[in-house]
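J.: Below is the sequence, then the predicted model.
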Amino acid sequence: MFSSDCKVSESGFCSLAAAFCTLADARLTDTQKQVLVVSYRLLEFRELSMTALADLVSRNSSVPYSTVKWNLRSLREMSLMSGGDLTSKGEPAKLTEEARMLAAYFEKQV
């Protein structure tokens, strides 16, 4: 997705990647960012269903369970993650490469 000939900024991000992060920063709500970052941390070392992920994100943040579910669905609709839905129950939740990059970026902003 990002070319290898881009210039790396002082933050370590390629200028194109930084532009992508800036655009996403403006597009995502604060709650979506929080859900994304907590999901990133939880999925780093384990495989979870969307329901289990929603439960753990809610327990590890101040976001209510129903709000987490809604935001995970939104992130999936934005193609930042995949996972089980009504037609593919039990499929593990996975963040895209772009979502992992965004989560790492948002995590550094906190």
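T.: Great, that's in hand.
J.: in this structure, which spans are helices?
T.: 15-27, 30-43, 50-59, 65-77, 97-109 (DSSP state H).
J.: Give me the mean pLDDT for stretch 17-37.
T.: The average pLDDT within stretch 17-37 is 82.
J.: Let me have the helices of the chain in TSV, extended by mean neighbour count and distance to G83.
T.: All C-beta spots, glycine's among them, are computed from the backbone N, C-alpha and C. Output for those, formatted as TSV (neighbours: other Cβ atoms under 10 Å; distance: least, Cβ to Cβ, whole Å):
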stretch	mean neighbour count	distance to G83
helix 15-27	14	19
helix 30-43	20	10
helix 50-59	20	4
helix 65-77	17	6
helix 97-109	17	12
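J.: Save these as JSON lines, and put in distance to S88 too.
T.: Written out in JSON lines, the entries for the helices of the chain read as follows (distance: least, Cβ to Cβ, whole Å):
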{"stretch": "helix 15-27", "distance to S88": "26"}
{"stretch": "helix 30-43", "distance to S88": "17"}
{"stretch": "helix 50-59", "distance to S88": "10"}
{"stretch": "helix 65-77", "distance to S88": "11"}
{"stretch": "helix 97-109", "distance to S88": "18"}
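J.: Give me the pLDDT for D55.
T.: Residue-level confidence at D55 comes out at 97, pLDDT.
J.: if I pick R100, what's in contact with it?
T.: The neighbours of R100, taking Cβ atoms under 8 Å, 6 or more residues apart in numbering as the test, are Y40.
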